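Q: Just the structure for this:
(one chain, ligands or ions: 1)
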Amino acid sequence: MYLILLGPPGTGKGTQAKLIAERLGLLHIATGDLFREAVQQGSELGARVKAYMDRGELVPDELTIATLMERLLQPDAQAGVVFDGYPRTLQQARALDDALVSAGRVADAALHITAPDDEIVQRLSGRWLCPNCGQIYHEVHRPPKEDRRCDDCGGELAQRDDDKADVVRARLERQRPPEELLEHYRAQGRLVDIDGSQEVGAVTRDLLAAIEQMRSESAPKRA
Ligand code: AMP
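A: Residues are numbered from 1 along each chain as shown. Alright, predicted model coming up:
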C-alpha cells in the first residue's frame, strides 16, 4: 500500500504519518528527515540542500525526486510506504506516479489533512520554551502553572522567532500544498480531506477509515 499525506504545517501530519505507518506496517518516508540526516552527516547531498532548508525554501525538484527515488528503491520500501512531506509540487507527484506505475503499483490514497488557518496559527504560535532546561509549553495545550515561568526549573519562558504569529502566517502561506497538486490527486479520485482540527486519536481514526474506504473502492478495479 502506498499512501500520501498532504497538508500544511501544524496539522499534525508528521505525527499521523508515523502512527499510520506503524499501524499498517508500512515504511514512513519523510523527505524533510532524509534531508536533515544528510545535513547532519555532512554528505554531498546535505551540502546541496542546506541553504534551501535554512531559508525555508523548497529544495529543487530534481534533487528532491532523486533523493526520494533512491529511498523508494530500498528493500524495506517494497511492502508499502507512507509519504510525508512529499510530493510538494506537481512535478514531484508525476515522478512518483511514474515510479509506482513502472513497478506495477499505484498510490492508494492522497490524504489531505486540513484545519482552519487561525487554528494552525494558534497551534504553531502558542509554543513557549524554557531556555534553561529545554522544557516545551503551549499556551492552550500545555500551559505552565505560573504565567511564562517554567514548572520544572522556574526559568523565564521564551518564544522562538519563527514561532511568532506573523512569521507562522508567512510560513503557512509558503508551505500550503499548491492547488494544482491537490487537483492532480482529485482528478485521479484519490484525494480525501481529513479534518485535522480534531484530537490526535480522532484524526487517526478518520485516516484509517478513509484508507479502508479507498481500498475497498479500488479493489474490484484491480481484480
Ligand atoms: P519538512 O520537515 O517536511 O518541513 O521539510 C524541511 C525542509 O526540507 C523544507 O522546508 C524544504 O526545504 C525541504 N523539503 C522537504 N521535503 C521537500 C519536498 N518534497 N520538496 C522540496 N523541499 C523539501
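Q: Show me which residues of the one helix or strand R48 maps to are buried.
A: Using DSSP states H and E, R48 maps to helix 44-54. Neighbour counts using 16 or more other C-beta atoms under 10 Å place L45, G46, R48, V49, K50, M53 of helix 44-54 among the buried residues. The C-beta positions use only the backbone N, C-alpha and C, and glycine is treated the same way.
Q: Please convert the residues you listed to CSV, extending it with pLDDT.
A: CSV is the format used below for the buried residues of helix 44-54 (pLDDT from 0 to 100):
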residue, pLDDT
L45, 95
G46, 95
R48, 95
V49, 95
K50, 93
M53, 89
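Q: Buried residues, the lowest-mean-pLDDT helix or strand in the chain. List them.
A: Here the helix or strand of the chain ranked lowest by mean pLDDT, DSSP states H and E is helix 165-175, holding a mean of 84. Neighbour-count burial for helix 165-175 flags V168, R169, R171, L172 (criterion: 16+ other C-beta under 10 Å).
Q: could I get the helix or strand that comes right after it in CSV with only the CA atoms?
A: As assigned by DSSP H and E, the chain's next helix or strand after helix 165-175 is helix 179-187. Extracted in CSV, the C-alpha atoms of helix 179-187 (Å, rounded to 0.1, in the frame of the first residue of the first chain):
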residue,chain,number,x,y,z
GLU,A,179,-3.9,23.8,-5.6
GLU,A,180,-2.6,22.1,-8.7
LEU,A,181,-1.1,19.3,-6.5
LEU,A,182,-4.4,18.7,-4.8
GLU,A,183,-6.2,18.8,-8.2
HIS,A,184,-3.8,16.2,-9.5
TYR,A,185,-5.0,13.7,-6.9
ARG,A,186,-8.6,14.9,-7.0
ALA,A,187,-8.7,14.2,-10.8
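Q: Now do helix 179-187: distance to the chain's middle.
A: Relative to its chain's centre, helix 179-187 lies at 17 Å (C-alpha atoms, centre = their mean, to the nearest Å).
Q: Please shift the residue numbers so they start at 44 in all later answers.
A: With 44 as the first residue, the last one maps to helix 222-230.
Q: in it, what counts as buried?
A: Residues of helix 222-230 classed as buried by neighbour count (16+ other C-beta under 10 Å): L224, L225, H227, Y228.
Q: what about that helix and the ligand, any contact?
A: No. Interface with the ligand: helix 222-230 contributes nothing (C-beta under 6 Å from any ligand atom), its closest point being 10.4 Å away.
Q: for the record, mean pLDDT for that helix?
A: Average pLDDT, helix 222-230: 97.
Q: swap in stretch 160-175?
A: On average, stretch 160-175 scores 89.
Q: May I have that stretch exported as CSV, CA atoms only?
A: What follows is stretch 160-175, C-alpha atoms only, in CSV (Å, rounded to 0.1, in the frame of the first residue of the first chain):
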residue,chain,number,x,y,z
ASP,A,160,-5.7,28.9,9.2
ASP,A,161,-6.5,30.6,12.5
GLU,A,162,-6.3,27.4,14.4
ILE,A,163,-3.0,26.4,12.7
VAL,A,164,-1.5,29.8,13.6
GLN,A,165,-2.7,29.4,17.2
ARG,A,166,-1.2,25.9,17.4
LEU,A,167,2.1,26.9,15.9
SER,A,168,2.5,30.2,17.6
GLY,A,169,1.4,29.2,21.1
ARG,A,170,4.7,27.4,21.8
TRP,A,171,7.0,28.6,24.6
LEU,A,172,10.3,27.1,25.6
CYS,A,173,12.4,27.2,28.7
PRO,A,174,15.8,28.4,27.7
ASN,A,175,17.3,26.9,30.9
